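**Q** Output the structure for:
(chains A and B)
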Amino acid sequence: MSARSTESNAAPGSFRAKWDKYVDSVRYAKHVIFRPFDGFWDLVHEHRGTLGAAHTFLFLFLLTYILKLMFTNFQFISAPLQYINIYEQCGSLLIPFLIICLSNWCLSTLFDGKGHLTDIYMALCYALVPFVIIQLPMIVISNLISFDEAAYYSVMNAVSIIWCCFLVYVALLEVHDYSPAKTLIFIVATIFGALVILFLILVFFSLLSDAAAFFISLYREIAFRLY
Amino acid sequence: MKTIIRLLVVLALALALCPAALAAEDGYSTSYTYNYDYWGDIRESPDAYRVDQVLYSTSLGLETPMNKPQSLFVSGDDLYICDTGNNRILQVRRENGEFSLTRIIDKVAGAQPETFNSPSDIGMDAEGNLYVADTNNNRVVKMDAQLNFMREYLKPDDTTFDQNLSFLPKRLVVDTSGRVFVLATNVNKGLVKFETDGSFTGFIGANPVTITMWDYVWKSFFTTKAQRSQQASFVPTEYENIYIDSEGFIYATNVNFEEYDLLYDNAKPIRRLNSIGNDILVKNDHYPPIGELYWVEESTDKGPSKFKDITVFDNDIYVAFDRTRGRLFGYDPQGIMLWAFGTKDNSEGSFLSPISLEHMGTDLLALDENGCSITVFTPTEYGSLIYKASDEYLTGKYDESADTWREVLKFNANYNLAYIGIGRSLMRQENYEEAMEYFKMAFDRENYGRAYRYYRKQLVERNIVPLVIVVAALLIVPLIIGRIKAMRQEVEAYERKKHRK
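**A** Residues are numbered from 1 along each chain as shown, chains lettered A, B, ... in the order given. Here you go, the predicted model:
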């Protein structure tokens, strides 16, 4: 598996050049997921990845998740479709993902990490690729196998999740240039950081609503006095 | 405004925190009869039973009204009512749908003492001898049909029975060979078992002690000896009520459990005990037979179902009587809920303090302790059709059963069991594709998988030629392309070589 970059013949800065770079960075995902240690390093430090590709993978991840809920045979997943709201489902994945990126970036300053926010986001998005490439075919396969063969389905499910988790670990290790043990501690810290951020959001909105309520009641009071 | 912002925040957080925010409603139904769908949501259904009549002390022509009756027992057309507060047993006969008092049993000829003291249950063996759990006389009395004393079962003189406890038999069942199983107050080792000759032979079906890892760690390392002696020790709990079915299996209900145990079916409120006391109740539904699936804990009339009594039809359909809501839950032999109906109220068809349940054929008789009334329920056309369909299935008339299930669907299109029944019949007719449709409607994974496997096999067998061609094409075409490419490269390399020369 080579990591050769296809040199673009188009003029630098042109749309064609950007497109070529984008296609190249999407294709680069193959290298990243099979050779993660090398792949993630080059992804950020050699600028092989693009944000466009990262957005694409994140979008595909959400799409896969929704398709999985909707079209997996009911023998394996029976999502209560009458209750499911697609935006809610996407939000329940996207918001924690973004908060974790943010908390990771905030903590990388304390932990002496080398990654920028975009690097972290990009690396984590690339780490989601195995989920897409395994789960999308599994949606079709689930409609071809019966309940007795559920073992195949659950094994593949597990493989995709474990692979993704491993990639997230390697991604953080390479992006921040940490030692393996430090990465583990860092991941735990990141989760705590995410919880703190959630708490801050809660406090912020609570205060904001109190402040808004104050001004609204002030306005009402004045309006009442004037008329 | 404030509330709107709050709501938005809560919504945003809910979005972020819970993966699939499912609306789990309280199961309190506005409909009298209902059933649960696959999602555990309540589906209102037509009434499976209607009130035939309600028997009161006056309608039975009693001079002293009933006082805290505890139990019912049915044998053929005879109904026995344990009128515990008046120390007597009433025998009532049903003829042409009318109930009339035939006998008041208040003494046993030749027993010591002759009268009862709070008799709380009655049983009968195959020869027609009566057994009475004479609670406050600390005995079980056996008498013949003419009420002549035959034998009494007293506190077992055995080391396994705690001699400090008094023997307070509360419920009893008698099997066909005359063995007596007694549920006694304060005995937590299971049912007290007496052989035909009256000898005590031990306990069966003790509730297994459940202890969690956390309890163990907490008790062993974080409590002092003094504290430990203050705490309740881990003891098995006693059953609430028992019933013996036509095959000799004992059905027992249990009301002492933690609510969270119900969720993972650790509580097992209904059990079917075999001869060595193991629970062999079949549970093939998406939810175990625990009665109400959802409940709100704070209020007094809500909470998990606590089954006061259980009765089992000859076809193994069992009905449990819930004290919490005054509700009856019917389950088929596979543990699939057939219907639930009833409520706590003063009106006809509802109960104040459910205590005992019996059946005559498919009619149900429910005893109310404080109301001192017996409500007689008869199945409606809908209820009868359900029984008919499951009986037909059990006796092997699969196609007739499917037709009956189709009739049931005309009454209630949300009835999963009907879809499964029709699907099974279709599967037997090798109409797998349609069977799959029915199984899918009932979310029956296993049967669907089975039907699908046959369907897939059929499909492959019918289309074997095109399939082989497609697979072969998929394998061979890339091979050929690769071959051509390799050849072309070889030729090019040769050309270049020649050119260089």
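
**Q** tell me the secondary structure for B:Leu60?
**A** For B:Leu60, the assignment made with DSSP: H, G, I helix; E, B strand; the rest coil gives coil.

**Q** Torsion angles phi and psi at it?
**A** phi -90, psi 0 (degrees, to the nearest 10).

**Q** Please identify which residue in chain A comes closest to chain B.
**A** For chain A, the nearest residue to chain B under the criterion C-beta to the nearest C-beta is A:Phe147, separated by 2.8 Å. Every C-beta, even on glycine, is put in place using the N, C-alpha and C of the backbone.

**Q** residues contacting residue 101?
**A** Just going to use chain A. Residues near A:Cys101 by C-beta atoms under 8 Å, 6 or more residues apart in numbering or on different chains: A:117, A:120-121, A:124.

**Q** Oops, wrong one, chain B.
**A** Taking C-beta under 8 Å, 6+ apart as the criterion, B:Leu101 is in contact with B:60-62, B:90-92.

**Q** try B:Thr64
**A** Shown in contact with B:Thr64 (C-beta under 8 Å, 6+ apart): B:57, B:86.

**Q** tally of neighbours for the residue in chain B that chain A sits nearest to?
**A** Minimum separation of chain B from chain A (C-beta to the nearest C-beta) falls at B:Gly449, amounting to 2.8 Å. A count of neighbours around B:Gly449, defined by other C-beta atoms under 10 Å in any protein chain shown, yields 19.

**Q** Same question for A:Ile201.
**A** Other residues close to A:Ile201 by other C-beta under 10 Å number 16.

**Q** That one in helix, strand or coil?
**A** Using three-state DSSP, the structure places A:Ile201 in helix.

**Q** quick one: pLDDT of it?
**A** Model confidence at A:Ile201, given as pLDDT, is 93.

**Q** Now do the contacts for A:Leu67.
**A** Applying C-beta under 8 Å, 6+ apart, the residues contacting A:Leu67 are A:136, A:139.

**Q** Over to it: give its phi and psi.
**A** Per degrees, to the nearest 10, the backbone of A:Leu67 is at phi -60, psi -40.

**Q** Tell me who's in contact with B:Ser356.
**A** Contacts here follow C-beta under 8 Å, 6+ apart; on that basis B:Ser356 touches B:69-72, B:241, B:308-309, B:321, B:366-367.

**Q** mind redoing it with 7 Å?
**A** Contacts of B:Ser356 were listed using C-beta atoms under 7 Å, 6 or more residues apart in numbering or on different chains, and they are B:70-72, B:309, B:367.

**Q** do A:Phe40 as well
**A** Going by C-beta under 7 Å, 6+ apart, A:Phe40 touches A:32, A:123, A:170-171, A:174-175.

**Q** likewise B:Ile290?
**A** Listed by C-beta under 7 Å, 6+ apart, the contact set of B:Ile290 reads B:262, B:269, B:305.

**Q** Can you tell me the SS state at it?
**A** Here B:Ile290 is recorded as coil under three-state DSSP.

**Q** Repeat that for the one 3 residues further on.
**A** Remark: B:Leu293 carries the secondary structure label coil [criterion: three-state DSSP].

**Q** What pLDDT is listed against the nearest residue to it once chain neighbours are set aside?
**A** If the residues on either side of it in the chain are set aside, B:Leu293 comes closest to B:Gly40, at 5.0 Å by C-beta to C-beta, 6 or more residues apart in numbering or on different chains. As summarised for this prediction, B:Gly40 has a pLDDT of 84.

**Q** How many residues are close by B:Gly40?
**A** Taking other C-beta under 10 Å as the criterion, the count of residues near B:Gly40 is 15.

**Q** before we move on, back to that, from the contacts of B:Ile290, list the ones also adjacent to chain A.
**A** Of the entries in the contacts of B:Ile290, not a single one is placed beside chain A under the rule of C-beta under 7 Å from any C-beta of the partner chain.
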